[in-house]
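Colleague: what's the 3D shape of this:
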Amino acid sequence: MVRFIQVVTAALILLAADPALAARCLYVSSYHAGYQWNDDIERGMQPVLEGQCELRKFYMDGKRHLDADFARRKALEAMALIEEWHPDVIIAADDNAAKYLVMPHLRNARVPVVFCGINWTGAPYGFPYRNTTGMIEVGPIEALVREVRQVVKRARQSVFLSADEITQYKEYEMSRQAFRRAGVEMRHVAVRTMAQWEAAFLEAQDSVDFLVLGNNAGINDWDRERAQRFVEKHSRRFAVAYLEWMAPYSMLAMAKIGQEQGEWSAKAALMILQGTPPNGIPVVANRRWNMYVNPRLLDRAGFRLSPELMRKAIKVNGGPAA
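Modeller: Residues are numbered from 1 along each chain as shown. Below you'll find the model as predicted:
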């Protein structure tokens, strides 16, 4: 009997020491495990939530399956999980989850939602709701504009080259507006195959003053080594990017940091579990980014960046370590 009381007492002490473990956190990603941005969000999120709540993950796989019907079906699958498991808080990452799950099914619902990775603005989804807070994903576009104007001083025409995917249309529109304020016109070329991307890249070498390379996720036959060989052979125009994994194909990248989105979202989720209403946590934008330069492409095309930028930036594609 004494032994039984000791075991029960020890169990109660453990439960009292960590009461949040009774809470349930559901992470709904717009994309798939193995996609770098998605993985970076999880790397920021998981250490914060570890030991604080039971965490489940659901992937909508929206980069490898671009059609809206697929997204709607995955959203219904996510809703079935929500109705069965009853999470105490949901972290919903990126635009597909917002558009197809949160907006039609969870608007002002009882379950709190923390969104993250929403490109530039939550306005298309009516964010925020009574039951939401979140972090908007904003690229350092003004800083990128300044650097482009320093390198290509008489630039007037540009192209935004990306996969044909929902977030890239938002990214293009914000880039177009920013560069127009600097006197540059921009057009969007959205592609679905590697061959289309190469053709558009080649055409841009003769038709514009510089390129903005958007996300390649959604180009399902993308080949990294082939892309690197291709840009090294054909790059003559200044090319910039805002994602880390596009740095090998560009000359300058100012990249958003996925871990920042995940860490903030997880901390907001814990605040909600501790009693803070979601609409009592202000919606914020990310504040950090990393800089990358590609010395090999810069040298071959004959472009020069400032010594300070070259000193601070991370070198890619065989350049010296930062």
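Colleague: How is the chain divided into domains?
Modeller: 20-138+258-285, 141-256+289-315 (automatic domain parsing).
Colleague: next one: the host helix or strand of T167 to chain centre, how far?
Modeller: In the assignment (DSSP states H and E), T167 maps to helix 166-181. Distance, stretch centre to chain centre, for helix 166-181: 15 Å (CA atoms, centre = their mean, to the nearest Å).
Colleague: buried residues in the helix or strand just after that helix?
Modeller: Later in the chain than helix 166-181, the nearest helix or strand by DSSP H and E is strand 185-191. Residues of strand 185-191 classed as buried under the neighbour-count rule (16 or more other CB atoms under 10 Å) are M186, H188, V189, A190, V191. The way it works is simple: take the backbone N, C-alpha and C, and place the C-beta from them, glycine included.
Colleague: Out of those residues, which two are the most distant from each other?
Modeller: M186 and V191 (16.1 Å; CB to CB).
Colleague: A155 sits in which helix or strand?
Modeller: Applying DSSP H and E, one finds A155 in no helix or strand.
Colleague: so what's it up against?
Modeller: Contacts for A155 (CB atoms under 8 Å, 6 or more residues apart in numbering) come out as V148, R149, V184, D209, F210.
Colleague: how close does the residue nearest to the fourth one when sequence neighbours are not counted get to V145?
Modeller: Across the structure, with CB to CB, 6 or more residues apart in numbering as the measure, the residue nearest D209 apart from its sequence neighbours is A155 (3.9 Å). Taking CB to CB, to the nearest Å as the criterion, A155 is separated from V145 by 10 Å.
Colleague: List the residues that contact the nearest residue to E54 once chain neighbours are set aside.
Modeller: Leaving aside its chain neighbours, E54 sits nearest to R24 (5.2 Å; criterion: CB to CB, 6+ apart). Shown in contact with R24 (CB under 8 Å, 6+ apart): C53, E54, R56, W85, H86, P87, D88, V89.
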